[in-house]
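K.L.:
My questions concern the predicted model and sequence given below.
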Amino acid sequence: MMFPMFKQLIVQMFRKPFTNPFPAKYAPKSMKKFMEDVEKGKAKINPPVEIPDEETFRGRILYDRDKCIGCQLCIKVCPSKAIEFKKEEKKIRIYIGRCIFCSQCNDICPTNALSMGNEFLLASDSKVNDELVVE
């Protein structure tokens, strides 16, 4: 066959897409107005795609303060500098807005105080949002 990708192209034209039209079937003109309509009950949100494998999924970082010993290894391996050390408490603060969800901090933590959760809907219209800081 002269064009090996031609067969694949034809097959994919008739396949159902793998993506999910989230949060709405068609893109709204104003996302803020759409979310206000959802709160009032005028519009409905399509459910997000199910998490494929919960054991290996890398969502929001979970932090167990009681297990943390303040070794700061997580800070040293974080490529995005999303983790900050609080000297007075000998604990850490994680800025989810900076995190790239690489899971290196989880791998190096000697007490398993850090882990990856299943939450992935973390969008916010504010750069300084308390929900995007883990302490």
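P.N.:
Yep, it's here. Numbering: from 1, shown residues only.

K.L.:
in the chain, which spans are helices?
P.N.:
Assigned by DSSP state H, the chain shows helices spanning 4-13, 31-40, 73-77, 104-108.

K.L.:
Indicate which one of those is closest to residue 123.
P.N.:
Taking Cβ to Cβ, helix 31-40 is the member of these nearest to residue 123, at 9.5 Å. C-betas here are computed from N, CA, C, even on glycine.

K.L.:
Determine how far the closest one lies from the middle of the whole chain.
P.N.:
Per Cα atoms, centre = their mean, to the nearest Å, the displacement of helix 31-40 from the mean C-alpha position of its chain is 22 Å.

K.L.:
May I see the buried residues of it?
P.N.:
Within helix 31-40, the residues scored as buried using 16 or more other Cβ atoms under 10 Å are residue 34.

K.L.:
any idea how far the residue most central in space within the chain is from residue 104?
P.N.:
When Cα atoms, centre = their mean is applied to the chain, the residue found nearest the centroid is residue 120 (3.6 Å). Remark: distance between residue 120 and residue 104 (Cβ to Cβ, to the nearest Å) = 18 Å.
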